[in-house]
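1. Below are the sequence and a predicted model for it; my questions follow.
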Amino acid sequence: MLEPRGNGMALHTAPWFSALQICKRLSIAKSLKLPNAPNLDYHTIDNIAATWSSTFQEAEHGIIIDQLRDVHGFHAMNLQVLGCAGGIGGRERLTTCLLLDDDILLDAGTGLASLDMEQLVKIEHVFLSHSHLDHIAGLALLADAILGKKVGPVTIHATDKVMATLKSHFFNWLIWPDFATIPSAGNSVLRWETVQHGVAIDLGGRSIVANPVNHSVDATSYLVRERGAAFLFTGDMSTTPALWEKMKSETTLAKVIVDCSFTDADSELAAVSGHYCPRTLQDDIQFMPKSTEFLIYHLKPGQEEIIMQELKSNAKGRSFEALRCGDRFVF
Ligand SMILES: [Zn+2]
Ligand SMILES: [Zn+2]
């Protein structure tokens, strides 16, 4: 539950009320039923908005989310999906990149290219799950784009192994210039920060904790918390019981954005490449609370429908939805 920040406002005061009014207006316009609860809190309203999102125009849902987030004296995490595809040419066209509020990126795949310059210069932190190209391609172009336009460096958070890989093979002056030394070492566009597993990084009240996951290269998931809300972004991963052992006791964990790249028929390929297929994912998360929603990303192009069918046909009361580019969530 969110609490007043600084000015002592109560949850039922005007800003909440106006968000509720928008919900009510839209509910009448769309002939939808609003639950008859006298004290709807932030998360309840957001859940209503999310439940109805398929019937809203994009702009209408945006109004609700913005209204909720701009509530004076409160802050809630706003997560926007810029890219979530497991390749190009399929239903989703852009690869992994999530924008948290307006200053933090989780991965920097080609989805990053959908931001304009005004948005690019607001980015202060990038957390990398691993070194694969579909998760870092946008990073090179970001560095080039903001050179001379942004004050201070963007901090790139990554494990020592990922950092070493990118320094040797990507920002090596052959594939791309080393933007940690441009325009000078003391005044660079990018700076590197080592991610330590299990150690929370606090960024303006948002806590980000890395936990290792199994993939074909060194890879990390990120648990993001603020006050009474949390979500997990797994990055690319295959079976990792230790992660779910930790996550099952995270009582505020509302949503998990998780890899499920391949169909069950391609389970061998999934194992070799370090990804989940529906069967291995469901085995791994069997002890997770049923209330946690699983948002599936990194679906292989052309396989989206089959993978989701396989997950839903054996859901056992669990919620599986495909993550879509353009999705927005408030936590
Ligand atoms: Zn990968
Ligand atoms: Zn990937």
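-> Received, thanks. Residues are numbered from 1 along each chain as shown. Ligands and ions are numbered 1, 2, ... in the order given.
2. can you pull the pLDDT of the residue nearest to residue 160 when sequence neighbours are not counted?
-> Closest residue to residue 160 apart from its sequence neighbours, by Cβ to Cβ, 6 or more residues apart in numbering: residue 194 at 5.5 Å. Every residue, glycine included, has its C-beta placed from N, CA and C. Residue 194 carries a pLDDT value of 98.
3. What of residue 26?
-> At residue 26, pLDDT is 53.
4. quick one: what helix or strand has residue 138 in it?
-> Using DSSP states H and E, residue 138 falls within helix 133-146.
5. close to ligand 1, is that helix?
-> No: using Cβ under 5 Å from the ion, helix 133-146 stays clear of ligand 1, with a minimum separation of 6.5 Å.
6. Show me what the helix or strand just after that helix is packed up against.
-> As assigned by DSSP H and E, the chain's next helix or strand after helix 133-146 is strand 154-158. In this structure, strand 154-158 packs against strand 125-127, helix 133-146, strand 190-194, with contacts taken as 3 or more Cβ pairs under 8 Å, 6 or more residues apart in numbering; DSSP states H and E.
7. Who are the contact partners of the residue most central in space within the chain?
-> Nearest residue to the geometric centre of the chain (Cα atoms, centre = their mean): residue 98, 4.5 Å. Contact analysis of residue 98 by Cβ atoms under 8 Å, 6 or more residues apart in numbering lists 79, 80, 81, 82, 84, 105, 106, 107, 111, 233, 257.
8. change it to 7 Å
-> Residue 98 makes contacts with 79, 81, 82, 105, 106, 107, 233, as judged by Cβ atoms under 7 Å, 6 or more residues apart in numbering.
9. Also residue 82?
-> 94, 97, 98, 99, 111, 112, 114, 115, 325.
10. Turn the residues you listed into CSV, columns for pLDDT.
-> Below are the contacts of residue 82 laid out as CSV (pLDDT from 0 to 100):
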residue, pLDDT
94, 97
97, 98
98, 98
99, 98
111, 98
112, 98
114, 96
115, 97
325, 95
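11. show me which of those residues neighbour ligand 1.
-> Checking these against ligand 1 (Cβ under 5 Å from the ion), there are no matches.
12. With secondary structure and distance to residue 169 added, can I get those residues in JSON lines?
-> Shown next, in JSON lines, are the contacts of residue 82 (DSSP: H, G, I helix; E, B strand; the rest coil; distance: Cβ to Cβ, whole Å):
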{"residue": "94", "secondary structure": "coil", "distance to residue 169": "23"}
{"residue": "97", "secondary structure": "strand", "distance to residue 169": "20"}
{"residue": "98", "secondary structure": "strand", "distance to residue 169": "24"}
{"residue": "99", "secondary structure": "strand", "distance to residue 169": "26"}
{"residue": "111", "secondary structure": "helix", "distance to residue 169": "22"}
{"residue": "112", "secondary structure": "helix", "distance to residue 169": "19"}
{"residue": "114", "secondary structure": "helix", "distance to residue 169": "26"}
{"residue": "115", "secondary structure": "coil", "distance to residue 169": "25"}
{"residue": "325", "secondary structure": "coil", "distance to residue 169": "28"}
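13. Just the buried ones among those, please.
-> For those, a burial check counting by 16 or more other Cβ atoms under 10 Å picks out 94, 97, 98, 99, 111, 112, 114, 115, 325.
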